[in-house]
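S.K.: take this sequence and fold it.
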Amino acid sequence: MAQPWQALPDDGAVAPSGSDTVTLPVLPVPRGRPSMHSGGQPESAAEALPLAAEPRAARLGRALHRMLEWAGRCEAPLPLAQWPTACRAALAEFGLPAAHADDLQRWAEAIVGGSQTARFFAGPGLLWAGSEVTLVHDGHVQRIDRLVELADGALGSVWWVLDFKLERAPHEVPGYREQLAGYRAAVAAARPGAHVKAAFVTAEGALIEA
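M.R.: So this is what the prediction gives:
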């Protein structure tokens, strides 16, 4: 669906007559969306931390999210043979050494193949699934780690809001519970009348409903 790019006057581009070459003396200023806090709120340029300034634990969490995003694609799941390479790529994206690759793969395997959580990644009951799903609710941007619709014989289907955490007891952190409640409210507003559940998923593959 891509369309040929046409240089705009304010880009300072010059296209020589009779040539397909476009010269940009100065690169245009990016017009991307603002970066996001882990809680889903936009950051100002002053608030955004350089990657190297982020705590290592936070970057490990982001690398795990990226790996689960790749591994959890319903239309084309990442083959297991590619997981080691993908883990190293996820770590490199967030400025982390490849020495963490074994841990990252172990966490991803525990979540994608765990007895409590495998149903959120594959199986006949999986009706819909998305990773890093963005919703807007009450004027706030909510970014959900994984949103899944599962078939349920009694209820028809249930929407699950999943929040991945490295901590073993994320449900004991008030800020995390508040954040997850906001995600659940956003999904409930987007799917009126639907059954919506929310849970934390730890790096060990434990499912903790909240």
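
S.K.: tell me the SS of the residue nearest the centre of the chain?
M.R.: Nearest to the geometric centre of the chain sits residue 132, at 3.0 Å (Cα atoms, centre = their mean). Following DSSP: H, G, I helix; E, B strand; the rest coil, we place residue 132 in the strand state.

S.K.: surely it meets residue 69?
M.R.: Yes. Between residue 132 and residue 69 there is a contact at 5.8 Å, judged by Cβ atoms under 8 Å. C-beta coordinates here come from the backbone N, C-alpha and C atoms, glycine included.

S.K.: sorry, back to before: what sits against the residue nearest to the centre of the chain?
M.R.: Contact partners of residue 132, counting by Cβ atoms under 8 Å, 6 or more residues apart in numbering, are 65, 69, 143, 144, 145.

S.K.: so where do the helices sit in the chain?
M.R.: Secondary structure of the chain (DSSP state H): helices at 56-71, 83-93, 101-112, 174-190.

S.K.: relative to residue 203, which of the ones you listed is closest?
M.R.: Smallest distance to residue 203 across these (Cβ to Cβ): 4.1 Å, for helix 101-112.

S.K.: which parts of that closest one are buried?
M.R.: For helix 101-112, the neighbour count (16 or more other Cβ atoms under 10 Å) marks 101, 103, 104, 105, 107, 108, 110, 111, 112 as buried.
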